[in-house]
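In: Show me how the following folds:
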Amino acid sequence: MTLHPPQQPMTGHEATVLGRDDEIERILRYVAREPGTPQTLLLLGGEGIGRTTVLRHVRERAAADGVLVLSAQGWAEDPGHAHACLRQLLTPQVRGELAALPAAQQHALTALPGADDGDRAELHAAVTALLDGLAAARPVLVCVDDADLCDRAFLEALLTAARLLPGRALTVLLAARHEADLPGPPPGSETLRLGPLGDAPAAALLDRQPAAPTGRRRLEILAEAEGNPLALVELSRGVPGPTGATRHPLTEHVFGVRLDALPARTRRALLYAAVLQDRESAGAMVSATASGGRRDWWSSLAESGDL
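Out: Below is the predicted model of the structure:
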């Protein structure tokens with residue numbers, strides 16, 4: 001399954017932060033704290049819950065306050081995208097500091113590193129040196145959206161830099177669906193979990209959509225979406241038009257959003273379950289989908305509420 005960045009259906013500052021003011025303010029306070037405190041923040045939330053929207057507004061607000069904002073976006077679970085996230089950080093804003101690094105560190109940042117430990121250690125040192133130099137001039141915020149889709153060496157290098165530079169005004173903000181998909185953050189890191197929108201913000205978001213539903217259909221959509229912003233927007237597009245035809249069933253949209261929020265291992269297990277023959281047991285599915293005896297996919301499915 002290929003994942004794409006969530007689409008933003010609405011424009012304008014006020015429309016896109018409904019119900020998320022507290023989370024945005026908490027992140028901005030974290031970015032503005034004094035150096036010497038923990039510097040890594042994990043922003044976790046399921047598919048469609050609004051991680052990208054929150055990150056966008058955090059970046060805009062931080063940049064307006066004079067913070068140097070470096071951004072990267074994970075794309076697909078595809079080996080061909082290795083180190084693509086790192087390269088997104090190497091914008092013209094950092095070229096001067098990059099050019100001041102030793103040749104070996106410049107090479108580690110701009111060339112495809114190998115898989116051996118020496119190359120990985122050099123990458124960690126290069127990322128640390130680059131961020132150290134940048135944060136010496138002004139506060140730096142590194143935002144990585146869909147961090148679970150970035151290569152692990154890049155994430156480990158960022159977290160290493162955050163751990164080794166406690167005296168710098170450096171913040172690493174990683175947004176992902178599941179904490180288990182990320183390397184272990186440095187001690188003292190904080191986690192912020194985005195939950196569903198409250199009733200009032202959810203209703204306001206739905207009412208701002210083109211051809212917003214009314215009456216019973218509006219109540220059905222609010223109940224089906226359960227506060228998921230993307231589900232609210234997508235479901236609103238299935239409101240009957242003049243001909244009375246509904247383009248998409250409500251439950252199909254909401255269940256699709258929930259499936260996309262599950263880890264890849266769990267989605268594979270569900271796919272296998274869908275094609276089980278009558279004579280096959282649930283035990284056969286567990287055996288076929290387990291890796292090294294682990295059952296992580298089962299606990300993820302149970303926690304999702306879709307079991």
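In: can you give me phi and psi for Pro166?
Out: phi -70, psi -20 (degrees, to the nearest 10).
In: Would you confirm that Gln39 contacts Gly167?
Out: No - if you go by Cβ atoms under 8 Å, Gln39 and Gly167 don't touch, sitting 10.1 Å apart. C-beta: built from backbone N, CA, C; applies to glycine.
In: Those two: which is more packed in?
Out: Gln39 (29 against 11; other Cβ atoms under 10 Å).
In: Skip the chain neighbours and tell me the closest residue to the more buried one.
Out: Distance criterion Cβ to Cβ, 6 or more residues apart in numbering; nearest residue to Gln39, sequence neighbours excluded, is Ala162 at 4.4 Å.
In: For the one you found, give me its contacts.
Out: For Ala162, the contact set (Cβ atoms under 8 Å, 6 or more residues apart in numbering) comprises Gln39, Thr40, Leu170, Thr171, Val172, Pro185, Pro186, Ser189.
In: does the fourth one really touch Val140, like I thought?
Out: Yes - here Thr171 reaches Val140: they are 7.2 Å apart, a contact under Cβ under 8 Å.
In: which residues in the stretch 1-150 of the chain form helices?
Out: Secondary structure of the stretch 1-150 of the chain, counting by DSSP state H, counting those that start in this stretch: helices at 13-16, 21-31, 51-64, 84-89, 95-99, 103-110, 117-137.
In: With Asn228 as the reference, name the closest of those.
Out: Among the helices of the stretch 1-150 of the chain, the nearest to Asn228 by Cβ to Cβ is helix 51-64 (11.9 Å).
In: relative to helix 21-31, how tilted is that closest one?
Out: 50 degrees (axes from the mean of the first three to the mean of the last three Cα atoms, to 10 degrees).
In: model confidence over helix 51-64, on average?
Out: For helix 51-64, mean pLDDT is 94.
In: Tell me how far the closest residue to Asp148 other than its chain neighbours lies from Asp146.
Out: Distances taken as Cβ to Cβ, 6+ apart place Asp181 nearest to Asp148, at 3.6 Å, with adjacent residues excluded. Separation of Asp181 from Asp146 (Cβ to Cβ, to the nearest Å): 10 Å.
In: Who has more neighbours out of the two?
Out: Shown here are Asp181 and Asp146; by other Cβ under 10 Å, Asp146 has more neighbours (24 against 19).
In: ok, that one touching Ala176?
Out: Yes - taking Cβ under 8 Å as the definition, Asp146 is a contact partner of Ala176 at 6.7 Å.
In: shared neighbours of these two, anything?
Out: Joint contacts of Asp146 and Ala176 (Cβ under 8 Å, 6+ apart) are Arg51.
In: which parts of stretch 101-111 are buried?
Out: For stretch 101-111, burial by neighbour count (16 or more other Cβ atoms under 10 Å) applies to Leu101, Gln105, Gln106, Ala108, Leu109.
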